[in-house]
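S.K.: Turn this into a model:
(chains A, B, C and D)
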There are 2 protein chains.
Amino acid sequence: MARRRTNRTSGRAASPKPNGRGAEAVDYGPLAEWVGFNLRMAQAAAFQAFSRLAQEVGTRPGRFATLMLIGRNPGISQTALSRANGRDKSSLTPVLNDLARRGLIRRTRTRADQRAYRLSLTPAGKSLLAQLVRCARAHERNLDRIIGAREQKSFVRILKRIIAEAG
Amino acid sequence: MARRRTNRTSGRAASPKPNGRGAEAVDYGPLAEWVGFNLRMAQAAAFQAFSRLAQEVGTRPGRFATLMLIGRNPGISQTALSRANGRDKSSLTPVLNDLARRGLIRRTRTRADQRAYRLSLTPAGKSLLAQLVRCARAHERNLDRIIGAREQKSFVRILKRIIAEAG
DNA sequence: AGTAAATAGTTGGATATAAAACTAATCGCC
DNA sequence: GGCGATTAGTTTTATATCCAACTATTTACT
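M.R.: Numbers count the residues shown, from 1 in each chain, chains lettered A, B, ... in the order given. This next block holds a predicted model:
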C-alpha cells in the first residue's frame, strides 16, 4: 500500500477530460469487489502500519514472526521455521545470519543431526521480542478497533480457512 | 505461504523431545490469533493460488491489477496508476517497460504535459486481460466458497476498512 | 517574464522473497 | 554394511518492491 493521501487537497479540480484523470476517480472495475485484490491491499496497509511501530524498536516486521517462532519453539530447525513462517528456507538464511550477527539468536549444531541447526533466542533476542510484542499488541488493538469487536473473531476464522484451503 | 501440509500423515509420531521438533506441532503463541499475521499468511496463500492460474496464461499476478487498471482507465498516468495499485511509482517502471516490450500496452506522450505518459492497452493487452479475468473469476469463486456466501460481503467490507484506515 | 516549487518518470541502491542447483549428512532398505 | 533417496542448509539467480536522488517539465507566484 502506501498512498493514503488520495483525497487531494491541491487547488486543481478534477480534469473533465474523459481520459486524462488527474489522480482521482480511478475505476477499479471488478477489482473493487474481488477478495484477492482487497486482501493484497489490506495486507500491505496493515504491514506498513506495523512497520512504522516496529522500526521505532529497530527491526522490520519480517523479523518479528521469526523471533516469535524461535522464542516459542527453542531448538527449532531452520526448515521447520521456514514452514511455520510460510517462507522459503532460502529466504531465511540471510535473515538468520543477520539476527545471529546482531546477537539476537543462537545457532547450535545438533549432535544427533549434523546438518541441522537448533535455533534459540539470546537474552538480547528475548528482550527485543518483548518490545516487539508490545508494538504488536498496540497494532492489534488498532486493527481490532477497525474491524470491530463483533466481527473480529469471524474475520480471523475466515483468514485461517483461506490459509488452510487456498494453498 | 506454501506449506499447507501441516497435518502430517507420515508415519512418524511427534518427537517427545522438548526441543527438537521434527516439523509439526509448532507453537505460534499469540501470532495464532493476531490479525496481522493471519492477514499476511492468507494473502500469501491466495496470491500463490492465483499465481498458478495466472501462469497458465503466461503472466504474474502482479501484472494483473496493472492491466485491469489500465484497461478500465485508458489514458491514466503512471503515477496515478501506481497510487491506485498501491505501489511506488518506481516499481512500475520495469513492469511497464516489460508490458510495452511485449506489446500489451501503449505509452503515448501527452501534448499538454510532456512529462506524463498516457497508458492504454493494445488489442493484445485487452485479450490477455480478458483471459486473466477468466482466471480471476475462477479464483474468486474458490475464495468465495472458502469464505462462505453468508460472510463474503462483510469480509470484503472489513478488508476495505483496513485499507482505508490502517495506513 | 522569471524563478521557486511541484510533478512525471527514471535510475540506483537496498531488502525481501522464491526457485533451482548445489553440498553435506542422514535414513531406508536390502 | 552399503547405496540410493531424502533432508538441512547455503548459494545463485531472478523478481518485486521501497526509498532517495536525479532530470525534465510544468505550475504558481511575484
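
S.K.: Does stretch A:124-135 reach DNA strand C?
M.R.: No: figure legend: stretch A:124-135 not in contact with DNA strand C (CB under 7 Å from any atom of the strand); closest approach 13.7 Å. To be clear about C-beta, it is placed using only N, CA and C from the backbone, and glycine gets the same treatment.

S.K.: for that stretch, which positions count as buried?
M.R.: Under the neighbour-count criterion of 16 or more other CB atoms under 10 Å in any protein chain shown, stretch A:124-135 has A:125, A:128, A:129, A:132, A:133, A:135 buried.

S.K.: One more: stretch A:109-126?
M.R.: Neighbour-count burial for stretch A:109-126 [16+ other CB under 10 Å]: A:116, A:117, A:118, A:119, A:120, A:121, A:125.

S.K.: What is the nearest of the residues you listed to chain B?
M.R.: Taking CB to the nearest CB as the measure, residue A:118 is the one of the buried residues of stretch A:109-126 closest to chain B, at 6.6 Å.

S.K.: I'd guessed that closest one sits against residue A:76; true?
M.R.: Yes: using CB atoms under 8 Å, residue A:118 is in contact with residue A:76, at 7.3 Å.

S.K.: mind listing the helices for chain A?
M.R.: A:35-56, A:61-72, A:78-85, A:89-101, A:123-147, A:149-165 (DSSP state H).

S.K.: low pLDDT regions in chain A?
M.R.: Within chain A, the ranges that satisfy pLDDT under 70 run A:1-24.

S.K.: Mind doing that once more with 50?
M.R.: The model of chain A has pLDDT under 50 over residues A:1-23.

S.K.: excluding its backbone neighbours, what's nearest residue A:58?
M.R.: Sequence neighbours aside, residue A:128 is the residue nearest to residue A:58 in space, at 7.7 Å (criterion: CB to CB, 6 or more residues apart in numbering or on different chains).

S.K.: Relative to residue B:127, how far out is that neighbour?
M.R.: Counting by CB to CB, to the nearest Å, the gap from residue A:128 to residue B:127 is 51 Å.

S.K.: Next to DNA strand C in this structure, residues from chain A, please.
M.R.: Taking CB under 7 Å from any atom of the strand as the measure of proximity, chain A contacts DNA strand C at A:10, A:23, A:60, A:62-63, A:86-88, A:90-91, A:94-95, A:98, A:112-115.

S.K.: One more pass at 6 Å, please.
M.R.: Residues of chain A found near DNA strand C, taking CB under 6 Å from any atom of the strand as the criterion, are A:10, A:60, A:62, A:87, A:88, A:90, A:91, A:94, A:113, A:114, A:115.
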